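Enquirer: Fold the following, please.
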Amino acid sequence: MAEFPSIGGDKKAELKVDLRPTLFIGAGGTGMEVMMRIRRRILSEVWNPRHPTRVDAIGQFPVARFLHFDLDSGAVIDSGKSQRTDPWYALVKLSDEERLVEHIDLQQYHESDDSLARFPLIESWMPLRPKKLRSLGIDPSKGAGQIRAVARLYLFDKYPKLRSRIKGALNSLGGNAGAERKQDYQRLGLRVDTSKFRIVVIASCAG
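Expert: Numbers count the residues shown, from 1 in each chain. Predicted structure coming up:
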């Protein structure tokens, strides 16, 4: 529910907004950092002003699911010390099911000058020719190096797995959209429109 001031006077006009089951897809380090903040907000928020309540775990919030997509398997938002002193860390961290972080065999795309010819769909848009890719010396285990073409290449390379993860997350949200979850919505003071999903992609400009 959101409130906006009325144009004609001091009184505030109340605008009630129905939520939609939402899948947040975070790409790269920026995507993960923003999603962690959203998850903290969900847990710290006091829901339902009439009967104040909180959720004890992200999975108990029925209208949001999260998926993180990245090359950098070593990416961390909080240092070890921060993790030990942060009482929220164990609750907000992403589970393995919520992350798709895998190695890409970059060499298959640049091992010879005609490597991209084997992948015509990628070759049609890829601005970096194999010779240029080799000269950049990119270590894909450390991320895309803020090179958008490499990030997009990773998306094309992992598309079947990413599509499967997205379908699984949407199925989970769809399962939360049934009448059996109506009590959960009421307990949290949520008005939910289950007729459609909302998908929010979070990424930096380079991503």
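Enquirer: The residue most central in space within the chain in helix, strand or coil?
Expert: Closest to where the C-alpha atoms of the chain average out (CA atoms, centre = their mean) is I25, at 2.3 Å. State at I25, reduced to three classes by DSSP: H, G, I helix; E, B strand; the rest coil: strand.
Enquirer: My read is that it contacts L67, right?
Expert: Yes. Applying CB atoms under 8 Å as the test, I25 and L67 come out as touching, 5.0 Å apart. In this view, the C-beta of every residue, glycine as well, is placed from N, C-alpha and C.
Enquirer: Give the residues shared as contacts by these two.
Expert: Both I25 and L67 are contacted by I166, under the criterion CB atoms under 8 Å, 6 or more residues apart in numbering.
Enquirer: domain parsing for the protein?
Expert: Domain ranges of the chain: 2-102+162-202, 103-157, per automatic domain parsing.
Enquirer: Redo those domains as TSV? Include mean pLDDT.
Expert: Shown next, in TSV, are the domains of the chain (pLDDT from 0 to 100):
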stretch	mean pLDDT
domain 2-102+162-202	81
domain 103-157	84
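Enquirer: List the buried residues of whichever helix or strand I166 is part of.
Expert: Secondary structure from DSSP states H and E places I166 in helix 159-175. Residues of helix 159-175 classed as buried: L162, R165, I166, A169, L173 (neighbour count, 16 or more other CB atoms under 10 Å).
Enquirer: who does it touch, helix- and strand-wise?
Expert: strand 22-27, strand 64-70, strand 99-101 (3 or more CB pairs under 8 Å, 6 or more residues apart in numbering; DSSP states H and E).
Enquirer: mind redoing it with 10 Å?
Expert: strand 22-27, strand 64-70, strand 99-101, helix 148-157, strand 198-202 (3 or more CB pairs under 10 Å, 6 or more residues apart in numbering; DSSP states H and E).
Enquirer: Report the buried residues of the longest one.
Expert: Read that as helix 148-157. V150, A151, R152, L153, Y154, D157.
Enquirer: From what I see, the fifth one and K161 are in contact.
Expert: Read it as Y154. No. The criterion here is CB atoms under 10 Å, and Y154 misses it with K161 at 11.1 Å.
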